[in-house]
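Trainee: Quick one, fold the following:
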Amino acid sequence: MILYSGVNNAMLDYNKNKKIFLYFIKFFIITCSYFCSNVYAVEFNLPHGVSSISRNIYDLHMTIFWLCVVIGIIVFGILIYSLIKHRRSAGHEAHDFHENTTVEIIWTIIPFIILIVMAIPATKVLKFMHDDKKPDLNVKITGYQWRWEYEYLGDNIKYFSSLSTPQSQIHNLEQKDELYLKEVDHPLVLPINKKIRFLFTSNDVIHAWWVRDLGIKKDAIPGFINESWVRIDTPGTYYGQCAELCGVNHGYMPIVVIAKTEEDFAKWLQEQKKPKQTKA
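Mentor: Alright, predicted model coming up:
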């Protein structure tokens, strides 16, 4: 009778733990589906962006993410199964052993293989990001406290880009609009479907030029030149920000990039050259 009661209690515990495990799996699947939906992908995930670099970064990110999800499911699945299957209340006794050479070799080789699998696509993306040879346009970007200077090398065009948000909004004297602390007086204008190389430097402290839709974040360091490039596919206006703490007005150093068609960019370029031609 006592034996029957013990077996019955063990079965009840097993069924209870099995239900808890199944509820956990359902909750995990529903949560993943919820946060991976289109609505929340925009808020919580990386953007696809409008350049080949940003899309490559996104694809690499999602590849590594799902690889980590699979690893997590396998590891925690085995862990939870072992806790339920080999629990003491089910009559299992812990084995007394110190080491197992075979197991140690296996759990060393498997992570090594996983890292190699992850390194292959990561290396391809890094090589692609640093291939700035044969550009169609060169733009030098210099960071100042607290504004940017853009110089179109070879076209004799240079200007500063500063925050244009009214002081009345900053000091809460009027209502803030959607572009609060994002708008500038002179945005960076670029053509689409052209390979553009950026040269980053700084005139004072370290800054960082970051526009997430372009997939670019590069430090601007005094006395040093960093390089990057982009090929924009879609016309539009894209916003960024200095991403390196550079002083008291670090938060007032926005970036605005306007991507134009090749024809519209050529017209803009000619308009920028007109005043200098007139003075000459």
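Trainee: Just the pLDDT at the spatially most central residue of the chain, thanks.
Mentor: Centroid check for the chain by C-alpha atoms, centre = their mean gives Leu46 as the closest residue, at 5.1 Å. What the model reports as pLDDT for Leu46 is 81.
Trainee: Now do it against Gly240, distance only.
Mentor: 15 Å (C-beta to C-beta, to the nearest Å). C-beta here means a position set from N, CA and C on the backbone, and glycine is covered the same way.
Trainee: so the residue nearest to the centre of the chain makes contact with Ile64?
Mentor: No: look at Leu46 against Ile64 with C-beta atoms under 8 Å: they stay out of range, at 11.3 Å.
Trainee: Quick check: buried residues in stretch 198-205?
Mentor: Phe198, Leu199, Phe200, Thr201, Ser202, Val205 (16 or more other C-beta atoms under 10 Å).
Trainee: same question, stretch 139-155
Mentor: 139-152.
Trainee: Let's have the residues you listed in a markdown table, adding distance to Asp213.
Mentor: Formatted as a markdown table, the buried residues of stretch 139-155 follow (distance: C-beta to C-beta, whole Å):
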| residue | distance to Asp213 |
| --- | --- |
| Val139 | 17 |
| Lys140 | 21 |
| Ile141 | 16 |
| Thr142 | 22 |
| Gly143 | 20 |
| Tyr144 | 24 |
| Gln145 | 25 |
| Trp146 | 22 |
| Arg147 | 21 |
| Trp148 | 17 |
| Glu149 | 22 |
| Tyr150 | 18 |
| Glu151 | 22 |
| Tyr152 | 21 |
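Trainee: Take those and keep only those in strands.
Mentor: Val139, Lys140, Ile141, Thr142, Gly143, Tyr144, Arg147, Trp148, Glu149, Tyr150, Glu151, Tyr152 (DSSP state E).
Trainee: list the contacts for the fifth one?
Mentor: Yep, that's Gly143 we're talking about. By C-beta atoms under 8 Å, 6 or more residues apart in numbering, Gly143 lies in contact with 149, 200-207, 209, 220, 242, 246.
Trainee: go with 7 Å
Mentor: Ser202, Asn203, His207, Ala220 (C-beta atoms under 7 Å, 6 or more residues apart in numbering).
Trainee: What is the nearest of the residues you listed to Ala259?
Mentor: Relative to Ala259, the closest of these is Ala220; by C-beta to C-beta it sits at 21.2 Å.
Trainee: No further queries at this time; thank you.
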